[in-house]
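>>> sequence first, then the predicted structure, then my questions.
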Amino acid sequence: MTVVDPVDPVRNFRLLSYQSQYTLPADYTDTRTGTVYPKGTSIICDNLSTRLGVTLDWDGTINEVSARLQGRDTGTTRTVSSNPLGDRYSAKPSTFEFVVGPNTAPLSIGQKGLSAQDIVVTPVRTFTVKGATFVDVQARSSDGTVTPLRQSVQALPVADCTL
């Protein structure tokens, strides 16, 4: 007789927050567009590797988390997925981290659970905005259940940074 552990399919999947390791220490104005970015704005530094954390919550189990970065102006996307998570229940909430490499879209995603204090925020002194990117997430249970794509509310500015 074979005993099979039933999978508790993922449901009520939510993107609670997202944060970059780089933030603005003061209000900055983009000289190209005149857009003002307030102090504390998370940004993706295009000339540096940038750690991004996404805080998620869900019911049931997930076996994989995928993150999609989509260019606000270009529509270009790059999706990366975690390694199998082993039908993990939410830690209410759970944070996942991935890295955006210099001059590229995202390169990898980490599967370890993190807390908000694990992302060390580094202020940026100057930056030149090149565009903006939405951070969207999706999850899958090992039975094949896939959540709807949860989209970020605002796009993160993508810029060349000086620390």
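Nice, I can see it.
>>> residue 144: neighbour count?
Applying other C-beta atoms under 10 Å, we find 9 residues neighbouring residue 144. Heads up, the C-betas are built off the backbone N, CA and C, glycines and all.
>>> same deal with residue 163?
Residue 163 has 10 nearby residues by other C-beta under 10 Å.
>>> what do you get for residue 64?
Neighbour tally, residue 64, other C-beta under 10 Å: 19.
>>> repeat for the one 5 residues further on
When neighbours are counted by other C-beta under 10 Å, residue 69 registers 23.
>>> helix or strand right after the longest strand anywhere in the chain?
As assigned by DSSP state E, the longest strand anywhere in the chain is strand 126-140. Next helix or strand after strand 126-140 toward the C-terminus (DSSP states H and E): strand 156-162.
>>> how far off centre is that next one?
16 Å (C-alpha atoms, centre = their mean, to the nearest Å).
>>> which strands or helices does that strand pack on?
Other helices and strands packing on strand 156-162, by 3 or more C-beta pairs under 8 Å, 6 or more residues apart in numbering; DSSP states H and E, are strand 42-45, strand 126-140.
>>> which other helices and strands does the longest strand of the chain contact?
Checked by 3+ C-beta pairs under 8 Å, 6+ apart, strand 126-140 has strand 11-20, strand 42-45, strand 50-59, strand 64-71, strand 156-162 packed alongside it.
>>> those strands: lowest mean pLDDT?
Mean pLDDT is lowest for strand 156-162 among the helices and strands packed on strand 126-140, at a mean of 86.
>>> sorry, back to before: quick one: the helices and strands packed on strand 126-140 as JSON lines, columns for distance to residue 78 too.
Shown next, in JSON lines, are these (distance: least, C-beta to C-beta, whole Å):
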{"stretch": "strand 11-20", "distance to residue 78": "16"}
{"stretch": "strand 42-45", "distance to residue 78": "12"}
{"stretch": "strand 50-59", "distance to residue 78": "12"}
{"stretch": "strand 64-71", "distance to residue 78": "6"}
{"stretch": "strand 156-162", "distance to residue 78": "12"}
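>>> which of the ones you listed is buried the deepest?
A comparison of the helices and strands packed on strand 126-140 by mean neighbour count, using mean count of other C-beta atoms under 10 Å, puts strand 42-45 on top with a mean of 23.
>>> fine, thanks again, bye for now.
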